[in-house]
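Enquirer: here's my sequence, what's the structure:
(one chain, ligands or ions: 2)
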Amino acid sequence: MTVKTVETGNAEETFALGRRIGEQASAGEVYTLVGDLGVGKTVFTQGMAKGLGIEDTVNSPTFTILQVYGEGRLPFYHFDVYRIGDVGEMDEIGYEEYFYGDGVCMVEWADLIEEILPEHYFRITICKDLSKGMDFRKISMEERHRI
Ligand code: ADP
Ligand code: MG
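Expert: Ligands and ions are numbered 1, 2, ... in the order given. The predicted model follows:
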């Protein structure tokens, strides 16, 4: 398993990294984002949407777990499961249709629904390091195969 690590010094760089991932994403891929509140998961996701050719504003949905963006190069399914009570809420949404569909999924706070993640997905972790400044972020990306 290879882990790629990138450091960013401001939100624009994190956005640009997300955009590159969005430009290269393929149908059926699931990406997950893990990291504390305010670390930049949504900034990354906004970049990803841009890279997929989506012009709509993407933000963290407060009361909905899923936002669907259909107008890009591929359908983009943005999950933010921060407020999820239990995994059953994902069943109610019919998550399998999206995880195993022909669009690209991004799941913020994916560690909260770890048990239903697909066998293969990309895990992105964003961390701060305050010793390197308020805006410094370490972003690690790895491809995961669950057994
Ligand atoms: P999350 O979705 O992880 O809760 P957001 O993406 O909503 O976080 O917010 C991240 C905040 O941190 C934004 O206000 C953004 O401007 C700021 N920020 C500062 N430096 C960075 C960086 N290097 N990468 C991403 N966001 C950054
Ligand atoms: Mg967010």
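
Enquirer: how about low-confidence regions in this structure?
Expert: Within the chain, the stretches falling below the threshold (pLDDT under 70) are 1, 61-62.

Enquirer: the residue of the chain found nearest ligand 1 - how many residues pack around it?
Expert: Across the chain, the shortest distance to ligand 1 (Cβ to the nearest ligand atom) belongs to residue 40, at 2.8 Å. Placement of C-beta: from N, CA and C, glycine included. Around residue 40 there are 26 other residues, counting by other Cβ atoms under 10 Å.

Enquirer: quick check, it in contact with residue 126.
Expert: Yes - between residue 40 and residue 126 there is a contact under Cβ atoms under 8 Å: 5.3 Å.

Enquirer: who touches both of these two?
Expert: Common neighbours of residue 40 and residue 126 (criterion: Cβ atoms under 8 Å, 6 or more residues apart in numbering): 14, 137.

Enquirer: buried stuff in stretch 111-126?
Expert: Judged by neighbour count (16 or more other Cβ atoms under 10 Å), stretch 111-126 contains these buried residues: 112-113, 117-118, 121-126.

Enquirer: swap in stretch 74-93?
Expert: Using 16+ other Cβ under 10 Å as the test for burial, stretch 74-93 gives 74-81, 84, 90, 93.

Enquirer: other residues contacting that stretch?
Expert: Contact partners of stretch 74-93, identified using Cβ under 8 Å, 6+ apart, comprise 25-27, 37, 42, 45, 48-49, 52, 54, 58, 60-63, 65-70, 95, 98, 101-110, 112-113, 115-116.

Enquirer: now the buried members of these.
Expert: Using 16+ other Cβ under 10 Å as the threshold, 25, 42, 45, 48-49, 52, 54, 58, 60-61, 65-67, 69, 95, 98, 103-110, 112-113 are the buried ones among the contacts of stretch 74-93.

Enquirer: take the buried residues of stretch 111-126 and keep only those in strands.
Expert: Among the buried residues of stretch 111-126, the residues falling in strands (DSSP state E) are 121-126.

Enquirer: turn those into CSV, including distance to ligand 1.
Expert: Conversion of those to CSV gives the following (distance: Cβ to the nearest ligand atom, whole Å):
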residue, distance to ligand 1
121, 18
122, 17
123, 15
124, 11
125, 11
126, 7
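
Enquirer: can you pull up the most central residue in this protein?
Expert: Closest to where the C-alpha atoms of the chain average out (Cα atoms, centre = their mean) is residue 106, at 3.6 Å.
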